[in-house]
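> Next come a sequence and a model predicted from it.
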Amino acid sequence: MSAQIVQTEPAGPSVDQRTGWTGWLGSLVGWRRLVVLASLGLVVLSLTRVITGANDIDSSGALAAALALAAPIALAGLGGLWSERAGVVNIGLEGMMILGTWGAAFFASNYGPWAGLLGAILMGAVGGAVHALATVVFGVDHIISGVALNLLGLGAASYLAVRTFEGTGGTQSPSLPELPRITISGLSDWLGEIEQGRTFLVADVASVLRALVTNLSVVTVLVVGLLVLSWWIIWRTSFGLRLRSCGESPTAAETLGVNVYRYKFIAVVISGGLAGLGGGFLAMVASNLYREGQTGGRGYIGLAAMIFGNWRPGGLAAGAGLFGYSDAIYLRGGGDVIHAFLLPFSVFLLLWGAWALWRRRQGKRVVGLVSVLIAIGVFAWFALTSIFPRELTGMTPYLATLIVLAFASQRLRMPKADGVVYRKGEAS
Amino acid sequence: ACGSDTPAATPGAGNTGTGGAPAAEQLKVGMAYDVGGRGDQSFNDAAAAGLDKAKAELNLDSKEAVAQNGEAESAREERLQQLIDAGYTNIVAVGFAYAQSVAKVAGENPDVKFALIDSTDAKGDNIENVTFAEHEGSFLVGAAAALKTKTNVIGFVGGVETPLIKKFEAGYIAGAKAVKSDIDIKVQYLTQPPDFSGFGDVAKGKAAAEGMYQANADIVYHAAGGSGGGVFQAAKAANKLAIGVDADQALTADAAVRDVILTSMIKKVDVGVYDFIKSIADDKFTAGEKSFDLEAGGVDYSTTGGKIDDIKAQLDDYKQKIISGEITVPTTP
Amino acid sequence: MGEPVVELHGITKRFPGVVANKDIELTVHRGTVHAIVGENGAGKSTLMKILYGVQQPDEGTISVEGRARQLKSPADAIDAGIGMVFQHFQLADNFTVLENVVLGAEKLHGIGEGARRKVKEISDAYGLDLDPDVLVEHLGVGAQQRVEILKVLYRGARIIILDEPTAVLVPQEVDELFDNLRELKAEGLTVIFISHKLDEVLSVADAITVIRRGTTVAEVAPRDVTARDLAELMVGSELPSPSTEESTVTDVPLLSVESTSLDNPLGGRPLLTDVNLTIHSGEIVGIAGVEGNGQDELVEVVMGMREPTSGRILLGDVDTSSWHTREIREAGIGYIPADRHRHGLLLEAPLWENVVLGHQTEPVYVTGPGGTLINGAAARQEAEAVVEQYDVRTPSINVTAGSLSGGNQQKLIIGREMRREPKVLVAAHPTRGVDVGAQAAIWDHIKQARRAGLGVLLISADLEELVGLSDSIHVILRGRLTGQFDPDRVTKEELGAAMTGATATEGAA
Amino acid sequence: MTSRFDLRRMGMALSAPVLAIIVAVLVTSAILVAAGDPVGEVWGTILSVPRPRVVVAIINAAIVYYISAVAVAIGFRMNLFNIGVDGQYRIAAFAAAVVAGEGWLPGPLNILLGLVVAMLAGGLWAGIAGLLKVYRGVSEVISTIMLNAIATVLVAFLLRKVAPQTGSNIVSTKPLPESSHVSGLPLIPGVSREVYGLIILAVLIGVVYWFILGKTRFGFDLRATGRSESAAVASGVKVKRMVLMSMILSGVVAGLVGMPLLFGQDYAYGTTFQPGLGFAGIAIALLGRNHPVGIVFAAFLWAFLDQQSNALQITAGVSDRLVLIIQGVIVLSVVIAYEVIRRLNVRIEQRRVAQALATQAADVKEGAPA
Ligand SMILES: Nc1ncnc2c1ncn2[C@@H]1O[C@H](COP(=O)(O)OP(=O)(O)OP(=O)(O)O)[C@@H](O)[C@H]1O
Ligand SMILES: Nc1ncnc2c1ncn2[C@@H]1O[C@H](COP(=O)(O)OP(=O)(O)OP(=O)(O)O)[C@@H](O)[C@H]1O
Ligand SMILES: [Mg+2]
Ligand SMILES: [Mg+2]
């Protein structure tokens, strides 16, 4: 890949010997760590909500919107995960997503909503197959092929749309039939009442649950299912083992009789299918029609979510969730919510700075001091204003992602042979 | 589907025109649409309706071309020039994005006549600037919202935060405040220029409107082009109301959501386009600004669905006050 | 001797412009260790890859256990009961031992508990001492090789190919490996074994095939030949022998490492602890050690690629411990890295650019105001000189470094460093994977420079080389220098013991 | 021998794009036929000899594309994927427009000031991604995607703050003083349209790019790092510094992308200022193989297709989005053709090496017995 993660430290024998609670957290495996982090997050949200009175911070509506906005990003990211785990960088997710939006619209309007979903997957998979053909069979640089796919995807979808949705001028499709949504109304109402109670933590748990039982699209459930399923297939089955081996060391895989080309090809096609489904989600769940420009760069965001999530399903779900949440907050006019977040952010900065100062490591001093100063500044901002300027709320999703990344430890580990063009017979 | 989208303008349009006269020289009209083009169920469609009406009445040959997102200035120039080269010497440039290119191409082609919609930035002897008083129309639907709200909270969703859309917002707020000075108005824009995806991102429109409804708003007005579909969906899901824009959306929107549309702020781009073509056919073209305001019937509110029949009198009262100049509607919020 | 299990007839393999194998005849009998020897590029690996199905022969037949076989891929070879350990290990670093072992053979025992049990069972049975759940990247080379062998055994291979398995092992590990081989042999397995270390070959093999320029030139029994005979069969002519010379050591210290330690940034045991050593003008100081005991880190600290946590590096009497690599190189330290592909060369760049690499600021190579421009003409001239003086076999200096054979790549690196007449040379494995002829030439160059006052820090896994070249030898173990030896008196066994920490070493210096 | 070698290489270098274009035409034609669109008219339109005014438009578009592609290429040469050129040039154009719009300095000096401000702004914005990468290990792929979006919001916000209230529907910075317009060059006879005067800027950037990369020590270090980071480190390159420097440099050049538009056409930064040039730059850089001359051809090809396809809707009645398909197919087929030809070259080179070695060996044998 032309874009590699510069390893900031030379790889040595990495013995995990971190201390304190971060060490304990690190020692938790996958989903358990996720659960702990999520609970922690909820407590922080709840505290912030109670202190600042910004109730939309975790209202069931905000959470439901976050889920709906996160789902297509998660699908794109999951597509990226499949392909990159098999060693093929997929910057063409956006193009495959666009193909998916058209596929969903065309098939749904002709053969019904479920066919629409399949159509989205199919069209995305076609895009994936082209990428696979170029990168796996012809050994083309993965970035170049991905860039070409983004052009092709956009071009093909617009061109096809003009041909297939003639009545509407070609920039959008007629409205599409809907897929079922799940509402457990009794439970939803009851939880709604608890949520309105605004009690610390209780209301927050209720609103999380309410978001899950109110007007939840079956496709959203499918997305969650696909995340889990992908994890299971890639990390728990022999198929997945082989697939990952193609991303880590294709020559090793080859010498053990694994048909590397085949696995890479399959992975990239699946990747395309998932990204296509992400497009389908946009066309059929998030809205009810195909529209040119509908994906709005979500393929790239999905890619970012996957890198954010360290090439793991849980991580990418967190990345997509973070993004979907901040997007939801912004779209819901969350000037007050964003303002409320200044409080925990300043507290976090203060703790971070204090910790850095306390450790007294050389060079950390300055970092610590600066953090504390910024923390004070942020707190002052929080205290002296009552709302975040509306014109700037639009940058929240992006800024939040950058800030989290800047503070999160960057122990990113991409598959070792990711982006490396593989040729058969090169084992030595 | 587009044929049925022609709003408001069709009544009276029969075959009474000069369609049959073979002797008359064919009028050649080139349409350069904004992004979205014919079929966007909104702004461009309204312009297309004007063309269609003229076609039905006049001996007309037309050519249409549409802009792409994020295109170069030169692409717009080239589009206009291509139309001229192909012999279409009466050009309708739909949307303010064409201002610069119209100025340039009009200068180079003094014999070609231009109608530039929504902009007064390009002036010339052969340019008619067709503008609309969106703020005045928006004032009326703002007043309607304020009169109809039960929660005293209403909303506005703008597609992209441009001065044009802010004009809608300003009028809406003024109208609502004129009725109830203490009314709470939520305002949200979906994207910032040059990211114009806010006019086509239904998902975002939906999320924004949802937020407003959940924050107790019961009526949301949108000036968000295609994203407005999401606003209607959210209204439907929340069992609340929405206000359409540009066309009478209770007629043009997706059938499933038409019943949530309280009223629409109609911007009669079709009339503007039709008038331009007609003026050329009649050899009465005049350059300069042609403002389609409330008085000229260029903007209005719609009554389809009968949801505002009870307040029609009050709205018409406001209308008269605006026309008479008693009320001056601001153009910026 | 058992019946023939592998019979290769008339194997020919042509690569573009090269005939790697030509009419090869090879018969291997059951229950034997069969060695294959030959120069670099003779075609040994190619032949083995053909037998393992990685590559397909252009001509010739293969039969395994009496049956003619078409080996289209490694899968076919595995099917036929063949397993191969490659010259460069084929392991996924980020996989556990278990994952590496079961990959491709999931059908046998699944990928879960059953497989884990089986892995433990084999590991115990052969004393491989491997934990199935450890990540391979945390293993040393020796253990990695045992994983490779475990992979082969797990698949129930009856014929095992080992391509240069001992290149990276210390004597004790070699002995363990050979013990294992004998055990396998006793169970009726067949081993095909490639090595450049002819003594080893003689000690372990039951039969030896010599390949020269792609063809089999002889099959001999180990008891009938000496190492020298073998070498001459390989090369087809007589060889110069490495000779020790009288000491040129002076008392002018060039490079001193003083109480230097280096912490592991990821926590855990320090990578280097209190290292002290001095290199004088005209002295070659050898470092012996099992790979992964801090040699790389020592080199990186000396070369300024890492800053020591404590201690000082002195060049003459200037403290250079906080200097950057470039400044250190400018001060006259030459560097031959252990991994030429990763650290020594730009494989896609032409030779003349590679000659500049590492010397970008040398006055010869720069021009313009403040030396900000690269002088292409001078670089080409120097490259021609390197090629000429160091016998780099290449058609021109405009071909890419990647298209040279390993030995010639190494000569290029040595030439580019020596031509700059360094005061000190840090040489890590200067002759690894290089055939005997080229090896002798490289040694000669180093010795010549030593006579002129060069000080050398020599790191090598080849004990022969260490003993033959060094004026003194330090053993490095877990990041500490644990003993100093006089190369004239120490035996390989003593060194080996010290390297593995098997003895409490008190230097015999 | 060298000359024959070079001739062959040139032949190879040319055959790849030609082959690729043929493939692209075939594939696109197949799509057109399948969709039932008029193949002849489409190609007739796209491949027609452009009118003089279109030639000017092509040159102008190519100028802007070229700068953008060079910005991207600087990153690629370092294995950095700067997706952020888009945001960088918009921030830069805005900053330059604001400063130059004030007209503090007279005529040409004001232009120069604008260019410097643009370079600073672009460099700073890219520098954020560089800093995040070097000090926090944040992948530049993510950070530049995020920074693009942040730039959009930030510029829109600031633009509203500084824009004079004109009642226009286009929000713009204060227009440049007349004296700061860079007059166009009447290179093409027969039209009133002119080529951007800042074509000089593009040429200069190309030459400087070629010079720095190919001739200087800095360029040597940069290329070395791109080819093998580990080898570069061992050779004494300070990789972190290189990452930061090349990211900033990429941003500096990105900052200049909008300058021909600003000083030669729009004379202000407004909401209709062309977005998306950074993304085109990625494809063009890749197509031109990050080579200063290669990118010239790629930029012209891209601009040619873009401009020629403008007429598709009007003359052939086909969506001009078709051009995206053509461009995508061209990118793919060009790289595939290059790859095929590269492999051929490697083989030939290996054969040459082997042959030369064989003769050397023979010489040795025949000469003195070693
Ligand atoms: N894939 C390949 N493509 C082209 N040439 C090759 C390839 N593999 C090997 N060769 C050539 O075939 C010849 C034999 O190489 P091989 O790797 O078999 O040698 P070897 O005897 O194993 O050498 P070494 O002792 O260095 O490992 C060499 O000349 C080499 O250049
Ligand atoms: N797949 C290949 N394609 C082209 N050339 C190859 C290939 N594999 C090997 N070679 C060539 O074969 C020769 C020897 O290969 P080999 O892998 O044995 O290297 P080596 O000399 O042993 O070096 P090292 O010890 O670093 O591996 C080299 O000239 C190399 O360029
Ligand atoms: Mg070999
Ligand atoms: Mg070798």
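Received it, and whenever you're ready, just let me know what you need. Values in this document were obtained by computation on a predicted structure and should not be read as measured data. Ligands and ions are numbered 1, 2, ... in the order given.
> pLDDT at the residue in the stretch 201-333 of chain B that chain D sits nearest to, what is it?
When you check the stretch 201-333 of chain B against chain D by Cβ to the nearest Cβ, the closest residue turns out to be B:Thr331, at 7.1 Å. C-betas here are computed from N, CA, C, even on glycine. For B:Thr331, the model assigns a pLDDT of 89.
> A:Gly53 too?
The pLDDT attached to A:Gly53 in the predicted structure is 83.
> next one: C:Val290
pLDDT, C:Val290: 76.
> so it, which of the three states?
Of the three states, C:Val290 takes coil under DSSP: H, G, I helix; E, B strand; the rest coil.
> and it, what does it touch?
Contacts here follow Cβ atoms under 8 Å, 6 or more residues apart in numbering or on different chains; on that basis C:Val290 touches C:140-142, C:170, C:173, C:477, C:499-500.
> Next, count neighbours for the residue in the stretch 251-400 of chain A that ligand 2 sits nearest to.
When distances are taken as Cβ to the nearest ligand atom, the stretch 251-400 of chain A reaches nearest to ligand 2 at A:Thr251, 10.4 Å away. A:Thr251 is surrounded by 23 other residues when neighbours are defined as other Cβ atoms under 10 Å in any protein chain shown.
> My guess is it contacts C:Ala92. True?
No: A:Thr251 sits out of contact with C:Ala92 when judged by Cβ atoms under 8 Å, with a separation of 9.8 Å.
> before we move on, the earlier item: could you dump the contacts of C:Val290 to CSV with distance to chain D?
Shown next, in CSV, are the contacts of C:Val290 (distance: Cβ to the nearest Cβ, whole Å):
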residue, distance to chain D
C:Gly140, 20
C:Val141, 19
C:Gly142, 24
C:Val170, 25
C:Glu173, 27
C:Leu477, 25
C:Met499, 25
C:Thr500, 29
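> among the residues you listed, which two are most distant?
C:Val141 and C:Leu477 (15.0 Å; Cβ to Cβ).
> Tell me the secondary structure of the residue of the stretch 201-333 of chain B closest to chain D, please.
For B:Thr331, the secondary structure call by three-state DSSP comes out as coil.
> Can you read off the backbone torsions of C:Pro395?
Geometry field for C:Pro395 lists phi and psi as phi -70, psi -30, criterion degrees, to the nearest 10.
> tell me the centre residue of the chain?
Using chain A. A:Ala320 (2.6 Å; Cα atoms, centre = their mean).
> that answer is for a different chain, and I need it for chain B
B:Asp246 (3.7 Å).
> How far off centre is stretch C:160-175?
Relative to its chain's centre, stretch C:160-175 lies at 11 Å (Cα atoms, centre = their mean, to the nearest Å).
> C-alpha coordinates for that stretch, PDB please?
Coordinates of each C-alpha in stretch C:160-175 appear next as PDB, following Å, rounded to 0.1, in the frame of the first residue of the first chain:
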ATOM      1  CA  ILE C 160      11.000 -33.500   5.000                       C
ATOM      2  CA  ILE C 161      12.900 -30.800   3.100                       C
ATOM      3  CA  LEU C 162      15.100 -28.400   5.000                       C
ATOM      4  CA  ASP C 163      16.500 -25.500   3.000                       C
ATOM      5  CA  GLU C 164      19.600 -24.100   4.800                       C
ATOM      6  CA  PRO C 165      18.100 -24.700   8.200                       C
ATOM      7  CA  THR C 166      21.300 -24.100  10.200                       C
ATOM      8  CA  ALA C 167      22.200 -20.700   8.700                       C
ATOM      9  CA  VAL C 168      20.700 -18.900  11.700                       C
ATOM     10  CA  LEU C 169      21.300 -21.400  14.400                       C
ATOM     11  CA  VAL C 170      24.000 -21.600  17.100                       C
ATOM     12  CA  PRO C 171      25.900 -24.900  17.500                       C
ATOM     13  CA  GLN C 172      23.800 -26.100  20.400                       C
ATOM     14  CA  GLU C 173      20.700 -25.500  18.400                       C
ATOM     15  CA  VAL C 174      22.200 -27.200  15.400                       C
ATOM     16  CA  ASP C 175      23.000 -30.200  17.600                       C
END
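> Please see if that stretch touches ligand 2.
No: no part of stretch C:160-175 sits close enough to ligand 2 to count as contact by Cβ under 6 Å from any ligand atom; the gap is at least 8.2 Å.
> so what's the residue nearest to the centre of chain A scoring on pLDDT?
94.
> which ones are touching it?
A:Ala320 makes contact with A:70-71, A:73-74, A:77, A:302, A:305 under the criterion Cβ under 8 Å, 6+ apart.
> Just name the closest of those residues to chain C, please.
Top of the list for closeness to chain C, among these and by Cβ to the nearest Cβ, is A:Gly77 at 20.1 Å.
> isn't that closest one right next to A:Tyr300, touching?
No: contact status for A:Gly77 versus A:Tyr300: not in contact, 10.5 Å apart, counting by Cβ under 8 Å.
> Touching stretch C:93-103 from outside, list them.
Outside of stretch C:93-103, the residues within contact range by Cβ under 8 Å, 6+ apart are A:238, A:241-242, A:244-245, A:248-249, A:252-253, A:256, A:258, A:413, A:415-416, C:91-92, C:108-111, C:115-116, C:119, C:130-137, C:139, C:147, C:150-151, C:154.
> Report the closest residue of chain B relative to chain A.
Scanning chain B for the residue nearest chain A gives B:Gly39, at 2.3 Å (criterion: Cβ to the nearest Cβ).
> Using the three-state scheme, assign that residue.
Put simply, B:Gly39 is coil when judged by three-state DSSP.
> In this structure it contacts A:Thr171, no?
Yes: taking Cβ under 8 Å as the definition, B:Gly39 is a contact partner of A:Thr171 at 6.2 Å.
> so which strand or helix has C:Thr209?
For C:Thr209, the host element (DSSP states H and E) is strand C:207-212.
> How about C:Ala143?
Following DSSP H and E, the helix or strand that holds C:Ala143 is helix C:141-154.
> Which ones, among the contacts of stretch C:93-103, also lie beside ligand 1?
Okay, of the contacts of stretch C:93-103, nothing touches ligand 1 (Cβ under 6 Å from any ligand atom).
> ok, of those residues, which come out buried?
For those, a neighbour count by 16 or more other Cβ atoms under 10 Å in any protein chain shown gives the buried set as A:238, A:241-242, A:244-245, A:248-249, A:252-253, A:256, A:258, A:415-416, C:91-92, C:109, C:111, C:115-116, C:119, C:130, C:132, C:135-137, C:139, C:147, C:150-151, C:154.
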